[in-house]
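Q: My questions are about this predicted structure, shown below with the sequence.
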Amino acid sequence: MTNTLLHRCVQRIIASVLCRGAHSSCRQGFDLKQSLSIPVLAALLAVGAAHGATTATQQVQTVNFTLTAIVQTRSTTAGSSCTNASLATKDVIAALGQATGKTFSSSAQLALIANSTNSMFYVRDAVNTLVNDNLWMDTLGVVTKTTTSKSGQTTGSQYEVGVLRLQTPTLNMSLYGYGAQTLATGALTASGFGAGTVGANQDQAIFKGTVAFSAIKAQSAP
């Protein structure tokens with residue numbers, strides 16, 4: 001990870017801690033742990049200081065987009081028209097690659113580091129790895145429902161409403177979604193809708209579909 005990217009990641013996480021509860025407009029990210037402890041913050045700062053170190057084991061979720069879009073081409077003297085299009089994870093990865101000048105293989109995956117209060121998406125690929133600021137999430141509301149059995153085992157779900165935003169020269173969108181996260185595994189499939197632009201001409205588009213987050217696994221990550 002470069003100094004600039006690492007500085008951005010640490011700076012955004014520190015900002016999210018300082019502004020929690022003070023300004024509703026602060027970007028809090030997809031809050032899976034609800035708080036960032038001082039030891040965790042210290043560890044992140046240590047990582048920032050030792051940017052040359054090897055990748056660490058993180059709590060990681062694979063992310064998959066399955067969206068459809070209604071795209072309106074730019075108006076001309078002859079009028080305008082709409083077309084239907086599909087949008088998958090590979091299209092999001094391609095847009096991130098174009099925005100950063102990187103090319104990814106067909107096996108590239110989009111992932112989220114889940115053990116942070118800040119949305120930290122990255123592209124995982126044997127050819128290139130990309131940690132980026134072009135894709136992030138904000139949690140708008142969380143309600144948790146749990147049940148404790150007679151044996152003392154607690155199970156339940158965390159119901160969340162949030163917005164996922166992507167900003168690149170060829171693909172922009174704000175997706176508002178709702179989903180129930182399984183507390184035992186962290187898996188979540190959110191149904192959502194939103195608006196944005198598609199293509200270099202930034203044609204207006206309406207999106208709907210799902211964004212799925214896999215069960216959380218310990219994996220090597222930037």
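A: Perfect, thanks for sending it. Residues are numbered from 1 along each chain as shown.
Q: Strands of the chain, residue ranges please.
A: 56-72, 82-88, 109-113, 121-124, 130-131, 135-148, 154-167, 171-182, 188-198, 203-213, 217-221 (DSSP state E).
Q: List the neighbouring strands of the shortest one plus their orientation.
A: Each strand paired with strand 130-131, and its direction, by DSSP bridges: strand 121-124 (antiparallel).
Q: Is it possible to get CSV of the strands of the chain that adds mean pLDDT?
A: Shown next, in CSV, are the strands of the chain (pLDDT from 0 to 100):
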stretch, mean pLDDT
strand 56-72, 92
strand 82-88, 94
strand 109-113, 93
strand 121-124, 92
strand 130-131, 84
strand 135-148, 92
strand 154-167, 94
strand 171-182, 96
strand 188-198, 96
strand 203-213, 96
strand 217-221, 83
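Q: distance of residue 81 from residue 70?
A: 11 Å (CB to CB, to the nearest Å). Where C-beta positions appear, they are placed from N, C-alpha and C, glycine not excepted.
Q: Can you report how many residues lie near residue 190?
A: The tally of other residues near residue 190 (other CB atoms under 10 Å) stands at 21.
Q: tally of neighbours for residue 110?
A: Around residue 110 there are 23 other residues, counting by other CB under 10 Å.
Q: For it, which residues count as its bridge partners?
A: residue 63, residue 123.
Q: dump the residue contacts of residue 159.
A: 142, 143, 144, 145, 178, 179, 180, 181 (CB atoms under 8 Å, 6 or more residues apart in numbering).
Q: rerun at 6 Å
A: By CB atoms under 6 Å, 6 or more residues apart in numbering, the contact list for residue 159 reads 143, 180.
Q: cool, residue 146 as well?
A: Counting by CB under 6 Å, 6+ apart, residue 146 makes contact with 154, 156.
Q: Tell me the bridge partners for it.
A: Beta-bridge pairing of residue 146 under DSSP bridges involves residue 156.
Q: So which of the strands of the chain is nearest residue 101?
A: For the strands of the chain, the distance to residue 101 is smallest for strand 130-131, at 10.0 Å, taking CB to CB.
Q: what sits against the nearest residue to residue 214 once chain neighbours are set aside?
A: Spatially, and ignoring its direct neighbours in sequence, residue 214 is nearest to residue 62 (4.3 Å; CB to CB, 6 or more residues apart in numbering). By CB under 6 Å, 6+ apart, the contact set of residue 62 is 109, 111, 214.
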